[in-house]
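> Please find the sequence and the predicted model below.
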Amino acid sequence: MPYPTVADWPECWPALPLDSWRETCATLHMWTQIVGKVRLRLTPLINHWWNVPLYVTARGLTTSNMPCGARSIEVRFDFVAHRLVLECSDGTVSELPLRPMAVADFYSEFMEMLRSAGVEVSIWRMPVEIPDPIPFDEDREHAAYDAERVESFWRILLSVDAVFHKFRSGFIGKVSPVHFFWGSFDLAVTRFSGRKAPERPGADVITREAYSHEVSSVGFWPGSGSMSGPAFYSYAAPEPQGFKTAKARPDAARYDAGLGEFLLDYDAVRATTSPSEALLAFCQSTYEAAAELGKWDLRQLERDAAALEHADG
């Protein structure tokens with residue numbers, strides 16, 4: 001009997017009910033925002049704010065390389081050893097243990113770690129994309145850190161990242177990296193039709209830049225707000241006529257009129273015999289609905305299926 005792919009082992013898709021780590025999730029969200037704002041400050045604006053996100057690594061999340069004067073630096077969340085690591089191109093390495101502590105203490109210790117390494121940077125202290133934000137240096141409400149739950153979250157990110165990269169490989173048009181947005185706390189990948197999108201009346205500068213062109217996007221949330229648990233989402237912007245009634249796979253996928261997105265519960269995916277294939281089907285079917293109904297020029301945007309098979313060996 002053949003072994004399943006690595007991404008389909010049960011440990012690669014662990015259970016993660018939001019209620020089991022809600023406080024830790026909220027705290028980690030704020031920590032990633034603090035680190036992410038340093039990345040935002042040190043890097044030039046890239047189209048659609050692609051200089052903002054973090055990236056999944058074999059041990060956690062990273063800013064990737066950031067220029068800093070005569071040096072380059074990288075900040076990594078290590079969810080195996082549970083530490084925040086600062087590495088500089090001159091050989092300087094500093095570490096901050098990840099443990100239960102208030103956001104205000106994390107902010108203070110992280111900024112001091114940067115200063116001690118000769119990295120002078122200031123960030124806006126207010127969180128974004130959450131209700132009732134508290135300035136980072138005043139936030140003592142969020143202080144939980146359950147290492148086991150954080151590791152489960154990272155394991156899920158590893159598996160989803162692998163599927164999203166496979167999905168991304170079939171597209172030769174403009175496509176985003178697979179990246180983790182610390183504002184909305186989700187992992188996502190976005191395909192573009194190549195056409196400019198109609199302007200959104202009243203949109204702020206961030207939204208105008210993010211949705212300046214037609215997109216089909218898919219992502220993973222750990223859950224928040226009205227979402228009672230982790231889920232995958234997919235949307236088209238602008239949404240073509242007929243999209244909301246299109247057939248998405250697997251059968252557990254549904255269109256949420258309130259959000260204007262297709263949703264697929266994470267638990268429904270992990271319950272299948274092949275979570276990776278179930279997720280890939282969701283990515284592909286919702287993209288196909290967006291592209292076909294939106295009349296994308298698929299001959300110019302998609303890699304030949306035979307070439308993909310050859311590349312897979």
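Looks like it arrived, so ask away.

> what residues are up against the closest residue to residue 161 other than its chain neighbours?
In this structure, residue 161 finds its nearest non-sequential neighbour in residue 56, 4.2 Å apart by C-beta to C-beta, 6 or more residues apart in numbering. Quick note: C-beta positions are derived from backbone N, CA and C, even for glycine. Taking C-beta atoms under 8 Å, 6 or more residues apart in numbering, we find residue 56 in contact with 157-158, 161, 178, 180, 187.

> So which of those residues are in helices?
157-158, 161 (DSSP state H).

> related to what we said a few turns ago, quick check: beta-bridge partners of the residue nearest to residue 161?
residue 61 (DSSP bridges).

> what do you get for the one 10 residues further on?
Per DSSP bridges, the residues bridged to residue 66 are residue 73.

> you'd agree it is up against residue 87?
No - Residue 66 is not in contact with residue 87 according to C-beta atoms under 8 Å; the separation is 10.7 Å.

> which residues do these two both contact?
Residues within reach of residue 66 and of residue 87 at once, by C-beta under 8 Å, 6+ apart, are 73-75.

> List the buried residues of the host helix or strand of residue 39.
Secondary structure from DSSP states H and E places residue 39 in helix 22-42. Buried residues in helix 22-42, defined by neighbour count with 16 or more other C-beta atoms under 10 Å: 23-40, 42.

> Now for residue 26: which residues touch it?
With contact taken as C-beta under 8 Å, 6+ apart, residue 26 is in contact with 142, 144.

> Looking at the contacts of residue 56, which is nearest residue 62?
Closest to residue 62 out of the contacts of residue 56 is residue 180 (9.5 Å), distances taken as C-beta to C-beta.

> Output stretch 43-58 as CSV, nothing but the C-alphas.
Provided in CSV are the C-alpha atoms of stretch 43-58 (Å, rounded to 0.1, in the frame of the first residue of the first chain):
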residue,chain,number,x,y,z
THR,A,43,11.2,47.9,3.0
PRO,A,44,10.1,49.9,-0.1
LEU,A,45,6.4,49.8,-1.1
ILE,A,46,5.8,46.9,-3.6
ASN,A,47,2.7,46.6,-5.7
HIS,A,48,-0.4,45.5,-3.7
TRP,A,49,1.6,45.9,-0.5
TRP,A,50,3.6,42.8,-1.1
ASN,A,51,6.4,44.2,1.1
VAL,A,52,4.1,43.9,4.1
PRO,A,53,3.6,40.1,4.8
LEU,A,54,5.6,37.5,6.6
TYR,A,55,6.5,34.1,5.1
VAL,A,56,6.2,30.5,6.3
THR,A,57,9.4,28.7,7.1
ALA,A,58,10.4,25.2,8.2
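
> How many residues are close by residue 304?
Neighbour count of residue 304, defined by other C-beta atoms under 10 Å: 11.

> Could you check which helix or strand contains residue 219?
Here residue 219 sits within strand 213-221, counting by DSSP H and E.

> just checking, what packs against that strand?
Counting contacts by 3 or more C-beta pairs under 8 Å, 6 or more residues apart in numbering; DSSP states H and E, strand 213-221 packs against helix 147-168, strand 186-196, strand 231-237, helix 275-293.

> Show the average pLDDT along the last one.
Read that as helix 275-293. Averaging pLDDT along helix 275-293 gives 98.

> Can you mark which positions in that helix are buried?
Across helix 275-293, burial judged by 16+ other C-beta under 10 Å covers 275-291, 293.

> buried stuff in whatever helix or strand comes next after that helix?
Downstream of helix 275-293, the first helix or strand assigned by DSSP H and E is helix 298-301. Neighbour counts using 16+ other C-beta under 10 Å place residue 301 of helix 298-301 among the buried residues.

> now do stretch 11-23
Across stretch 11-23, burial judged by 16+ other C-beta under 10 Å covers 12-14, 16, 18, 21, 23.

> per-residue pLDDT, residue 306?
Note on residue 306: pLDDT of 50.

> picking that back up, would you state the predicted confidence (pLDDT) at the residue nearest to residue 161?
Looking at residue 56, its pLDDT stands at 98.

> Next one: it relative to residue 138, how far apart?
For residue 56, the distance to residue 138 (C-beta to C-beta, to the nearest Å) stands at 30 Å.
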